[in-house]
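Colleague: okay, here's the prediction I keep looking at, along with the sequence it came from:
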Number of protein chains: 2
Amino acid sequence: MDHNSLPPIHTTARDDAVLKALVGFVGAEALQPGEKLPTERILAERLKVSRNTVREALTRWEGLGLVERRQGSGTYLRAAVSADMLHMPLTLAGGHDFTSLMQTLEIRRALEAEAAALCAERASPADIAEIERKLDIMERAFRTRDGMSAEEDWEFHQAIYRVSGNPLFEQIIAAMHELFHRFWEHPLGVRDFGHASFPYHRTIYECIAARDPRGARAEALKLIATVEDDLKRGAAKLKLPSQT
Amino acid sequence: MDHNSLPPIHTTARDDAVLKALVGFVGAEALQPGEKLPTERILAERLKVSRNTVREALTRWEGLGLVERRQGSGTYLRAAVSADMLHMPLTLAGGHDFTSLMQTLEIRRALEAEAAALCAERASPADIAEIERKLDIMERAFRTRDGMSAEEDWEFHQAIYRVSGNPLFEQIIAAMHELFHRFWEHPLGVRDFGHASFPYHRTIYECIAARDPRGARAEALKLIATVEDDLKRGAAKLKLPSQT
DNA sequence: TGCAGAAATTGGTTGGACCATTGGACCACT
DNA sequence: AGTGGTCCAATGGTCCAACCAATTTCTGCA
């Protein structure tokens, strides 16, 4: 006989309770991002806990980017908070490493393909028109600025994520996107980075407009493949300059 | 002329300095995950800072999942840490409703399939043996406890994510997993939830052992499909009891 | 009226104390 | 040998009171 039905109990959870109370407060006061929340001292007094405990709780929130503390000024809300939030700490080891960039791309490949397929399934005519508009803007920027269209490119993709109907796609891929670009400060020397992916934006759009999920998925995979290819070429140039 | 290369001097960045020192310590001592790191009191004394400051720093690491604190026992390393790590806490807003659960499954479908395929590509013989071991444990638990094998089931999947070589898979899917289970407290009334997915664990394993990425992806998709099906059945029972 | 300096406010840090839990040592009893 | 009980030191969790440092607000003089 095993006792698997005896889960460990949780008696103490002071700072978690503080966070829960804070969530309630923000909700009750309808605090918006940018607004200031009560002083640590006031919170400590009102909640009948030590200021230290309040600080530990706020440190947690600060680490999550939910809150910003300014010494001498106060603590300010940085994002909307609600009771049903999930914290997902992504940790990528290896720093400015080629491997790390590839790992973000592997995630993007999986999600980008799925999002494109779902988008093709669910897009309304208005959605399709919106995506086409973003595509036009991107293509125009690409031509007039000779490939420097990262911003418009990103907005095109975001439109697809939104139409997919699942906000998680945009949130997670955005995190990958930022992770990717943070490593990109020292450009790998690939001047025409992104050029190869250009034509696939239109083919993805055409599949979406034609309500062709399988096609959209395939084209999205091709797009990511070109990015991976650019990355490999850049890494080869940077790390193995002696090899011809 | 701009002065972007003059970052603001942080006269006071005590807790960050503590974390930096800790990274150095972990590196110097070659601490592995699971090992215990020095007492808060010892750290405070050695680093010449207050114990409270040490605690704030450790609270940050705890929030990132790098460290686990056990009262009365000590503080233990939970993941490898190095100086060039990138942390990106991502907070997702989730709802309790059926739609939110479905959205987590869409993410899981994309990532699970990709991870299974990558796993089949990259698994070493030792990796395959490890996955098979986890599979055996799960199957045994499933049979002896009549389907109550959620824990072992999850460990089997985690093994696959690890072998995929990309830690992001495990981190993101784990977040989806938690989001999913957090709203599963009120069981939807589906008693045999998870039964349908059982056989696909072995088929996934067989594809991995045979180094068949396409097959592994296909089987993973089938598995998620059964979970989606269970979810839909549960929702139908719960929310639309009048409909037959 | 304008503005420099004082005063109040607020987060950051310190040191010390006590509580709650853990885990090991020791012991009595079976 | 093993079971359970008691004690005790170590350790994280909480609390308090004070002070430091950055910021904001107020004040009074020019």
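Modeller: Looks like it arrived, so ask away. None of the values given here were measured: they were computed from a predicted structure. Residues are numbered from 1 along each chain as shown, chains lettered A, B, ... in the order given.

Colleague: all contacts plus neighbour counts: C-alpha atoms, from now on.
Modeller: Fine.

Colleague: list the contacts for the closest residue to chain B within chain A?
Modeller: Closest residue of chain A to chain B, Cα to the nearest Cα: A:Pro89 (4.0 Å). Residues counted as contacts of A:Pro89 (Cα atoms under 8 Å, 6 or more residues apart in numbering or on different chains) are B:Gly63, B:Leu64, B:Gly65, B:His87, B:Met88, B:Pro89, B:Leu90, B:Gln171.

Colleague: for the last one, which non-adjacent residue is closest in space?
Modeller: What it means is B:Gln171. A:Leu90 (6.5 Å; Cα to Cα, 6 or more residues apart in numbering or on different chains).

Colleague: show me which of the contacts of A:Pro89 are buried.
Modeller: Neighbour-count burial (16 or more other Cα atoms under 10 Å in any protein chain shown) applied to the contacts of A:Pro89 gives B:Gly63, B:Leu64, B:Gly65, B:Met88, B:Pro89, B:Leu90, B:Gln171.

Colleague: residue contacts, the last one?
Modeller: Spelled out, it's B:Gln171. Here B:Gln171 is in contact with A:Met88, A:Pro89, A:Leu90 (criterion: Cα under 8 Å, 6+ apart).

Colleague: now find how far off-centre the helix ranked longest in chain A is within its chain.
Modeller: In chain A, assigned by DSSP state H, the helix with the most residues is helix A:213-239. Distance of helix A:213-239 from the chain centroid (Cα atoms, centre = their mean, to the nearest Å) equals 19 Å.

Colleague: after the biggest strand by length in chain A, which helix or strand is next?
Modeller: Looking across chain A with DSSP state E, the single longest strand is strand A:85-92. Downstream of strand A:85-92, the first helix or strand assigned by DSSP states H and E is helix A:98-122.

Colleague: get me the contact residues on chain A for DNA strand D.
Modeller: With Cα under 7 Å from any atom of the strand as the criterion, chain A meets DNA strand D at residues A:12-15, A:48-53, A:70-73.

Colleague: okay, who's weakest in those by pLDDT?
Modeller: Confidence by pLDDT is poorest for A:Thr12 among the residues of chain A next to DNA strand D, given 64.

Colleague: hmm, back to that, out of the buried ones among the contacts of A:Pro89, who's nearest chain A?
Modeller: Closest to chain A, out of all of the buried ones among the contacts of A:Pro89 and judged by Cα to the nearest Cα, is B:Pro89, at 4.0 Å.

Colleague: how about the nearest residue to that closest one, chain neighbours excluded?
Modeller: Nearest to B:Pro89 is A:Pro89, by Cα to Cα, 6+ apart, at 4.0 Å.

Colleague: partner strands of the helix or strand of chain A with the lowest mean pLDDT and their direction?
Modeller: Across the helices and strands of chain A, mean pLDDT, DSSP states H and E gives its lowest value to strand A:85-92, namely a mean of 85. Applying DSSP bridges to the sheet, strand A:85-92 is found paired with strand B:86-93 (antiparallel).

Colleague: quick one: contacts for A:Leu43?
Modeller: A:Arg51, A:Val54.

Colleague: quick check: it vs DNA strand D, distance?
Modeller: To DNA strand D, A:Leu43 is 11 Å away according to Cα to the nearest atom of the strand, to the nearest Å.

Colleague: what do you get for A:Phe180?
Modeller: A:Phe180 is 31 Å from DNA strand D, by Cα to the nearest atom of the strand.

Colleague: that residue and A:Thr99 touch, don't they?
Modeller: No: contact criterion Cα atoms under 8 Å: A:Phe180 and A:Thr99 do not qualify, at 11.2 Å.

Colleague: these two: who's more crowded?
Modeller: A:Phe180 (18 against 14; other Cα atoms under 10 Å in any protein chain shown).

Colleague: which residues in chain A form helices?
Modeller: A:14-29, A:40-47, A:51-63, A:98-122, A:125-144, A:150-163, A:167-182, A:198-209, A:213-239.

Colleague: run the angle between the shortest one and helix A:51-63 for me.
Modeller: Put plainly, it is helix A:40-47. 110 degrees (axes from the mean of the first three to the mean of the last three Cα atoms, to 10 degrees).

Colleague: now helix A:40-47: mean pLDDT?
Modeller: The average pLDDT within helix A:40-47 is 94.

Colleague: got the angle between that helix and helix A:14-29?
Modeller: Using the same axes, to 10 degrees: helix A:40-47 against helix A:14-29 is 90 degrees.

Colleague: which of the residues in helix A:40-47 are buried?
Modeller: When neighbours are counted by 16+ other Cα under 10 Å, the buried residues of helix A:40-47 are found to be A:Glu40, A:Leu43, A:Ala44.

Colleague: equivalent analysis for the first one, please.
Modeller: Residues of helix A:14-29 classed as buried by neighbour count (16+ other Cα under 10 Å): A:Asp15, A:Val18, A:Leu19, A:Leu22, A:Val23, A:Val26.

Colleague: which ones are touching A:Gln158?
Modeller: Taking Cα under 8 Å, 6+ apart as the test, what A:Gln158 contacts is A:Glu170.

Colleague: and it, what's its pLDDT?
Modeller: pLDDT at A:Gln158 comes out at 95.

Colleague: how about A:Val81?
Modeller: Looking at A:Val81, the pLDDT reads 89.

Colleague: how about A:Leu118?
Modeller: 97.

Colleague: which of the residues of chain A next to DNA strand D lies closest to A:Ile128?
Modeller: A:Arg70 (44.2 Å; Cα to Cα).

Colleague: wait, A:Pro33 touches A:Ala79, no?
Modeller: Yes: with contact defined as Cα under 8 Å, A:Pro33 reaches A:Ala79; the gap is 5.1 Å.

Colleague: which of these two has more neighbours?
Modeller: A:Ala79 (17 against 14).

Colleague: test my guess that that one contacts A:Leu66.
Modeller: Yes: at 5.2 Å, A:Ala79 counts as touching A:Leu66 under the criterion of Cα under 8 Å.

Colleague: quick one: low-confidence ranges for chain A?
Modeller: A:1-12, A:94-96, A:183-192, A:238-244 (pLDDT under 70).

Colleague: close to DNA strand C: what parts of it are there?
Modeller: A:11-12, A:38-41, A:55, A:69-75.

Colleague: now with 10 Å?
Modeller: A:8-13, A:36-44, A:51-52, A:55-56, A:58-59, A:62, A:68-76 (Cα under 10 Å from any atom of the strand).
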